[in-house]
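**Student:** Make a model of this:
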Amino acid sequence: MFSIISRSIPRRTLVQSARYYSKKPPVPPSPPKKKIKPTPQRQPETKATSAEEPTPKVSEPIPEPEQPAAITGVPTLDFSPPGTEQEYQRTGARSSKGSLSSSERKRRFASRVSLGLLALAFGAGAVYMGREWEPEELAAKKKKIEDAPSTRWARTKERFTGLFGFFVEPAWPELLPPPYPPPHQKPYTLLLSIDDLLVTSTWDRKNGWRTAKRPGVDYFLAYISQFYEVVIFTTQPSYTASPILDKLDRYNFYINYRLFREATRTLNGKIVKDLSYLNRDLSKVVMIDTDPEHVSTHPENTIILPKWKGDPKDKNLVAMIPFLESIAIYKPGDVRPILQRYAGKDIPLEYGKVEAEMKAKHIAEWQAKHKNSAGSGFSFGALLGMSDTPHRPKNVPPPTYLEQKRAEAQAQYQLEMKYVNDNREELERLLEQDQKAMQAQVPGSLWEAMDQLRGIEPPKPAADSASTVPTAAPTTQPPTPTKA
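**Tutor:** Okay, the predicted model is just below:
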């Protein structure tokens with residue numbers, strides 16, 4: 001039921017509650033009512049008043065708001081119908097937007113000064129990075145002045161990217177120590193990978209992961225180490241590759257150096273073996289690998305072999321020996337043109353054809369020379385019943401220079417294998433002694449590790465008189481020779 005409100009009170013919009021509409025049953029539509037004019041009531045006569053006083057008006061009833069035609073039982077959430085928005089007016093109070101406290105002003109001033117100093121330092125650093133190259137920088141980068149960037153922007157970019165070289169470049173600027181002076185240093189360096197070249201890893205349900213050696217890998221390392229400085233260059237970390245190399249070269253006779261993951265370089269998101277960090281003359285470096293991406297920086301020094309997948313009858317690794325030993329025997333000034341000639345070919349097959357042609361040419365030349373001098377002259381050795389080549393039949397041509405050197409290398413290999421087999425017990429004892437010495441150097445606690453970092457030597461254990469053996473004591477009797 002709506003109440004009647006007089007004109008003296010401000011008119012308000014009546015809003016019925018949603019709960020009321022939800023509980024109220026629907027009302028059927030009612031016929032329209034006729035509008036009845038209200039009968040004016042007669043006011044009692046009053047005395048005449050002055051013209052300034054207004055005549056009071058009779059309050060009129062406020063008509064009821066029209067009900068909708070059909071009111072459903074669904075509640076409504078419209079609590080603010082249109083037309084009831086409250087008008088906001090400015091109060092005249094001063095805004096706090098432009099007023100800052102003293103601490104806020106100081107903080108803003110300090111931030112602006114810091115940004116200015118940072119921009120000034122960045123600009124000064126960019127100008128300094130664009131300076132001319134210094135001889136020490138070029139020596140560290142292993143570049144010549146004509147190969148280094150020449151413009152200021154290029155020099156700045158080169159030096160700026162060099163700041164992040166710790167994450168993408170090898171751990172050392174020179175991966176190998178300087179070579180030995182001749183005749184101790186072998187003239188050529190052979191880099192070998194591990195994965196799918198020397199070994200391969202297989203997995204099955206019965207045995208899990210197993211590592212298999214390639215057929216002939218022991219002979220390959222022992223024989224080819226007579227001609228080359230053998231270096232293992234792998235992308236594996238040292239803790240996974242070192243146990244494998246300890247099995248392949250148990251007494252450290254054949255492998256001169258080992259390079260692991262930290263010696264590689266990251267180029268365009270890929271792991272690369274960059275030979276420019278090797279500290280060797282690249283004209284005398286041969287690298288054998290199975291992944292072309294790993295050798296993308298120096299393909300002219302690389303031989304790519306197919307991956308070995310565990311075939312027990314494989315002979316591709318041993319078949320590479322004649323080609324490699326021929327390079328070391330003939331000693332070319334630059335191996336890269338030779339490797340480029342055989343790039344993409346089956347090297348054992350192609351080189352076998354070349355060596356067969358050289359052998360045939362040698363025999364033809366010897367036969368022509370022997371035929372011309374067969375019945376011509378008199379030989380003092382023939383008179384005494386001796387021959388210039390007593391170990392070779394008369395009608396057999398002499399071996400070529402390559403065959404002579406190959407026979408010498410085979411004899412040297414046989415001597416080395418005989419020495420290892422005869423002294424295996426002593427070699428095992430020395431190996432165990434070295435392993436114990438290395439274990440003794442491992443710190444047993446955190447404090448010992450910190451002392452080693454500071455250069456403090458650990459205390460030596462008390463010597464046991466019963467177990468100590470003087471290593472440098474003179475011997476009174478010569479050692480007993482072992483039987484061959």
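
**Student:** what mean pLDDT does the helix or strand harbouring residue 138 have?
**Tutor:** Secondary structure from DSSP states H and E places residue 138 in helix 135-141. Averaged over helix 135-141, pLDDT sits at 80.

**Student:** Name the surrounding residues that touch that helix.
**Tutor:** 144, 145, 148, 173 (Cβ atoms under 8 Å, 6 or more residues apart in numbering). All C-beta spots, glycine's among them, are computed from the backbone N, C-alpha and C.

**Student:** try stretch 148-158
**Tutor:** 126, 129, 130, 131, 132, 133, 138, 141.

**Student:** Now rank the contacts of helix 135-141 by neighbours and give me the top one.
**Tutor:** In terms of neighbours by other Cβ atoms under 10 Å, these top out with residue 148 at 15 neighbours.

**Student:** Just give me the neighbour total for the nearest residue to residue 340 once chain neighbours are set aside.
**Tutor:** Once flanking residues are discounted, residue 340 sits nearest to residue 300: 5.8 Å by Cβ to Cβ, 6 or more residues apart in numbering. Each residue near residue 300 was counted by other Cβ under 10 Å, and the total is 14.

**Student:** What does residue 300 show for phi and psi?
**Tutor:** With angles defined as degrees, to the nearest 10, residue 300 sits at phi -70, psi -10.

**Student:** what's the spacing between the nearest residue to residue 409 once chain neighbours are set aside and residue 413?
**Tutor:** With Cβ to Cβ, 6+ apart as the criterion, residue 409 has its nearest non-adjacent residue at 5.4 Å, and that residue is residue 226. Separation of residue 226 from residue 413 (Cβ to Cβ, to the nearest Å): 7 Å.

**Student:** go on, residue 346?
**Tutor:** Counting by Cβ to Cβ, the gap from residue 346 to residue 413 is 26 Å.

**Student:** Those two: which has the busier surroundings?
**Tutor:** residue 413 (16 against 12).

**Student:** Which strands and helices lie in contact with the helix or strand harbouring the more buried one?
**Tutor:** For residue 413, the enclosing helix or strand under DSSP H and E is helix 401-422. On a contact count with 3 or more Cβ pairs under 8 Å, 6 or more residues apart in numbering; DSSP states H and E, helix 401-422 meets helix 217-224, helix 321-330.

**Student:** Quick one, which of these gets closest to residue 268.
**Tutor:** Of all these, it is helix 321-330 that lies closest to residue 268, at 31.2 Å by Cβ to Cβ.

**Student:** Residue ranges in the stretch 351-484 of the chain under the pLDDT threshold?
**Tutor:** The stretch 351-484 of the chain contains residues with pLDDT under 70 at 372-394, 458-484.

**Student:** Now do the helices in it.
**Tutor:** Along the stretch 351-484 of the chain, counting by DSSP state H, counting those that start in this stretch, helices occupy 380-383, 401-422, 424-441, 446-453.

**Student:** which one of these is the most hemmed in?
**Tutor:** Burial of those is given as mean neighbour count (mean count of other Cβ atoms under 10 Å); helix 401-422 ranks first at a mean of 13.

**Student:** who's in contact with it?
**Tutor:** The contact list for helix 401-422, computed with Cβ under 8 Å, 6+ apart, reads 222-223, 226-227, 251, 253, 325-326, 329-330, 355, 358, 399, 427, 482, 484.

**Student:** Point me to the helix or strand that includes residue 201.
**Tutor:** Counting by DSSP H and E, the element that carries residue 201 is strand 199-204.

**Student:** what's the angle between the helix or strand following that strand and strand 199-204?
**Tutor:** Next helix or strand after strand 199-204 toward the C-terminus (DSSP H and E): strand 208-213. Here the directions of strand 208-213 and strand 199-204 differ by 150 degrees (axes from the mean of the first three to the mean of the last three Cα atoms, to 10 degrees).

**Student:** so what strands line up beside strand 208-213?
**Tutor:** Looking at strand 208-213 with DSSP bridges, its partner strands are strand 199-204 (antiparallel).

**Student:** Could I get the buried residue list for the partner strand?
**Tutor:** 199, 200 (16 or more other Cβ atoms under 10 Å).

**Student:** What lies in contact with it?
**Tutor:** Identification of contacts with strand 199-204 by Cβ under 8 Å, 6+ apart yields 209-214, 217, 244, 248, 307-310.

**Student:** out of those residues, who has the most neighbours?
**Tutor:** When neighbours are counted by other Cβ under 10 Å, residue 214 leads the contacts of strand 199-204 with 22 neighbours.

**Student:** That one contacts residue 195, correct?
**Tutor:** No - Residue 214 is beyond contact range of residue 195, at 11.2 Å (criterion: Cβ atoms under 8 Å).

**Student:** picking that back up, okay, the helices of the stretch 351-484 of the chain in CSV with distance to residue 240 next?
**Tutor:** Listed next are these as CSV, based on distance: least, Cβ to Cβ, whole Å:
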stretch, distance to residue 240
helix 380-383, 63
helix 401-422, 27
helix 424-441, 19
helix 446-453, 23
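
**Student:** To residue 350, which of those lies closest?
**Tutor:** Residue 350 lies closest to helix 401-422 among the helices of the stretch 351-484 of the chain, at 16.2 Å (Cβ to Cβ).

**Student:** Next, the angle helix 424-441 makes with that closest one.
**Tutor:** Taking the same axes, to 10 degrees, one finds helix 401-422 and helix 424-441 inclined to each other by 70 degrees.

**Student:** Report the inter-axis angle for helix 401-422 versus helix 217-224.
**Tutor:** Going by the same axes, to 10 degrees, helix 401-422 makes 120 degrees with helix 217-224.

**Student:** Kindly reformat the helices and strands packed on helix 401-422 as a markdown table containing mean pLDDT and distance to residue 273.
**Tutor:** Shown next, in a markdown table, are the helices and strands packed on helix 401-422 (pLDDT from 0 to 100; distance: least, Cβ to Cβ, whole Å):
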| stretch | mean pLDDT | distance to residue 273 |
| --- | --- | --- |
| helix 217-224 | 95 | 19 |
| helix 321-330 | 95 | 19 |
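
**Student:** that older thread, pull out the buried residues from the helix holding residue 138.
**Tutor:** Residues residue 137 are the ones in helix 135-141 that count as buried (16+ other Cβ under 10 Å).

**Student:** Need the max-distance pair from the contacts of helix 401-422.
**Tutor:** 358 and 482 (43.2 Å).

**Student:** Of those two, give the one with the bigger neighbour count.
**Tutor:** Each of residue 358 and residue 482 has its neighbours counted (other Cβ under 10 Å); residue 358 has more, 14 against 8.

**Student:** my read: that one touches residue 400, true?
**Tutor:** Yes - between residue 358 and residue 400 there is a contact under Cβ under 8 Å: 6.9 Å.

**Student:** Check which helices and strands the lengthiest helix in the chain sits against.
**Tutor:** The residue-count maximum for a helix in the chain (DSSP state H) belongs to helix 102-129. Applying 3+ Cβ pairs under 8 Å, 6+ apart, we find helix 102-129 packed against helix 152-162.

**Student:** Low-confidence stretches in the stretch 1-150 of the chain?
**Tutor:** 1-98.

**Student:** If we use 50, what do you get?
**Tutor:** Along the stretch 1-150 of the chain, segments meeting pLDDT under 50 span 1-15, 46-53, 58-59, 69-71.

**Student:** out of the contacts of helix 135-141, what pair is the most spread apart?
**Tutor:** Farthest pair in the contacts of helix 135-141, by Cβ to Cβ: 145 and 173, 18.9 Å.
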